[in-house]
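1. Any chance you could fold what I've pasted below:
(chains A and B)
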Amino acid sequence: MFTLLSILLNEFDTIKEAQNGSLAAFNRLVMAYQGLAYNVAYRVSGNREAAADACQDAFLKAYKSLRQYHGGSFKSWLLRIVTNTCYDHLRYARRRPADSLEDLTDETGEDDGRWQSHDELPEEQVLRSELQDLLQQAISQLPTDQRTVLVLSDVQHMAYQEIAEIIGQPLGTVKSRLSRARRRVRDFLLAHKELLPQQYR
Amino acid sequence: MNEQIQELLSSYIDGEVTASERQQVEQALAESAELRHELASLRQTVQWLAALPAVAAPRPFTLSEADVPTRQKSGYFSWLMGWSRWGLVGAPLLVIIFMGLLWWQQVYFYPTQLAMAPAPIAELPQAKIMAVPTQEAIKEEAKKEAVTEQVPTDTVAIAESAADAPPPMAQKREMAVGLAAQPAEPPASSGGAMPLAEIPPINMAEPISPATVAVLAIPLITATASLTNGGCGDTVNNQGEAIQACKIIEPPPPTAPPTPRPANWTILFVAVIIILLLIGVKLRYKS
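-> Take a look at the predicted model:
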């Protein structure tokens, strides 16, 4: 934890070092951001393996195009690459539905211990596995542009302005996409009331 | 329910509304139970989404040397190499295209510009040199008193002698300055001048390109040189005058086909270069 904190504090120097060709420096950045990148990729793609592949691909792209980073938020720049790579992978999966059919279903009805324990969350806030799966399904049925905004805002708790930087759209677009996405998720949940916990039906 | 208020509910939950929008939403909420239900359901959805746990990455995504076989050089070096790659291919190509265009323009649109270049006297066709007395020659002649007839001493006299010039061609107007007409019969040559019989006659009907705007020949021949070399019958008329030829032909007739302006081709050329550069930049950043 302390190491990651020191990397983030010295982020500017680390980025400069990586831009000058230091793979070790770039890997320090990877270590600092891989958790966030993977979580975003997982929620956007809805699939564990696809998210891991997209992340690996995204970090490789980021390394190759590191010189195109000219300041600003490195986190936003990196997440932009991650989300765009997720879109590419989703498009590829749609073109080859036979190969990805199994992958697309692995987020439902499966408890392979992928959930991290979150001691910091109150016990009552930890959702049951069924609701988590239902929410992930609700996210996955969104159009990709709305999905990204919803994940960045409601799952990753990012500010509107930061989301606007990541998706490269104005603030108003972020607001409208988020509004539509939330309503669609709400409607999806209402359409699957039987899957909701008893107290929410 | 007002669509605009519904749109604002999402931002209202996050506190991302202006004061007036907040007032608008709260007023609508106070009036509509349906809108309050809408807001509550959205809030619940947001809470559930926010409670989704983070997931652990299945493996580290650090890169190895094998992932990036070509280590990147320093920034400026790489930038330079990247552009030099385009320069190595593009620059010679552009130079070749440019030179070709220039040559093409010269040959097809301005052929007479080549003729306008001052030609060496020795290479000038003798018959095309029209005799004009020069002041220097006149003075020289006056000193030597070698001529029997009157030597024109000023431009008025030169103009008078032009009156003896043969009529100009139909397509051309020759503005003869002190033009000494080619005599119909061989004049008596003075001194050791070449007999005029050996001089190729002036071919006034010689076809000249209608697109020409040229001074065909402006030889500077001094009388001294003419008289002393003894073989300059071409530059010495029957009166023994040292001459200078000047022939001006007017611009092409209006029936001549219009030629493209050079500016058009320059603009076209610059546009092609810009397009090539843009394509290059696009390909570079795409790769």
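
2. And the pLDDT for residue B:264?
-> Looking at residue B:264, its pLDDT stands at 71.

3. name the element it belongs to?
-> Element membership for residue B:264 (DSSP states H and E) is helix B:262-286.

4. what comes up buried for that helix?
-> Using 16 or more other CB atoms under 10 Å in any protein chain shown as the test for burial, helix B:262-286 gives B:269, B:280. Every C-beta, even on glycine, is put in place using the N, C-alpha and C of the backbone.

5. From chain B, how far off is residue A:27?
-> Distance of residue A:27 to chain B, given as CB to the nearest CB, to the nearest Å: 4 Å.

6. And the next helix or strand past the lowest-mean-pLDDT helix or strand in chain A?
-> In chain A, the helix or strand scored least confidently by mean pLDDT, DSSP states H and E is helix A:97-104, which has a mean of 51. Downstream of helix A:97-104, the next assigned helix or strand under DSSP H and E is helix A:129-140.

7. Run the contact check for that following helix versus chain B.
-> Yes. On the criterion CB under 8 Å from any CB of the partner chain, helix A:129-140 is in touch with chain B at A:131, A:132, A:135, A:136, A:139.

8. Quick check: the third one touching residue B:47?
-> No. Under the criterion of CB atoms under 8 Å, residue A:135 makes no contact with residue B:47, lying 10.9 Å away.

9. Neighbour count: these two, which is higher?
-> Each of residue A:135 and residue B:47 has its neighbours counted (other CB atoms under 10 Å in any protein chain shown); residue A:135 has more, 22 against 13.

10. Now for the more buried one: which residues touch it?
-> Listed by CB atoms under 8 Å, 6 or more residues apart in numbering or on different chains, the contact set of residue A:135 reads A:127, A:185, A:189, B:48, B:49, B:52.

11. Tell me the most packed of those residues, by neighbour count.
-> Result: residue A:185 is most packed of these (other CB under 10 Å), 26 neighbours.

12. picking up where we left off before, filter the contacts of residue A:135 down to the ones in helices?
-> Mapping the contacts of residue A:135 onto helices (DSSP state H) picks out A:185, A:189, B:48, B:49.

13. Could you find which two of these are furthest from each other?
-> A:189 and B:49 (10.2 Å; CB to CB).

14. How much space separates residue B:61 from residue B:68?
-> 13 Å (CB to CB, to the nearest Å).

15. Could I get the contacting residues of the most centrally placed residue in chain A?
-> By CA atoms, centre = their mean, chain A has its centre lying nearest to residue A:40, at 0.8 Å. By CB under 8 Å, 6+ apart, residue A:40 lies in contact with A:79, A:82, A:83, A:86, A:151, A:152, A:156.

16. Can you give me the distance of the fifth one to residue A:128?
-> From residue A:151 over to residue A:128 the distance is 20 Å, taken as CB to CB.

17. got it, and the third one?
-> Using CB to CB, we find residue A:83 at a distance of 28 Å from residue A:128.

18. Which one's more surrounded, the two?
-> residue A:83 (26 against 10).

19. Turn the contacts of residue A:135 into a markdown table, columns for distance to residue A:162 and pLDDT.
-> Below are the contacts of residue A:135 laid out as a markdown table (distance: CB to CB, whole Å; pLDDT from 0 to 100):
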| residue | distance to residue A:162 | pLDDT |
| --- | --- | --- |
| A:127 | 25 | 64 |
| A:185 | 21 | 97 |
| A:189 | 26 | 94 |
| B:48 | 22 | 93 |
| B:49 | 17 | 95 |
| B:52 | 19 | 94 |
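
20. which one of these sits closest to residue A:176?
-> Using CB to CB, residue A:185 is the member of these that lies nearest residue A:176, at 15.2 Å.

21. Relative to residue A:192, how far out is that closest one?
-> 11 Å.

22. again, but for residue A:15
-> For residue A:15 relative to residue A:192 (CB to CB), the value is 44 Å.

23. looking at it, residue A:157 is touching residue B:49, isn't it?
-> No. Residue A:157 is beyond contact range of residue B:49, at 9.9 Å (criterion: CB under 8 Å).

24. and which of the ones in helices among the contacts of residue A:135 is nearest residue B:24?
-> Nearest to residue B:24 among the ones in helices among the contacts of residue A:135, counting by CB to CB, is residue A:185 at 24.5 Å.

25. The nearest residue to that closest one once chain neighbours are set aside: neighbour count?
-> Closest residue to residue A:185 apart from its sequence neighbours, by CB to CB, 6 or more residues apart in numbering or on different chains: residue A:138 at 4.4 Å. If you count neighbours by other CB under 10 Å, residue A:138 ends up with 23.

26. pLDDT at residue A:138, what is it?
-> 96.
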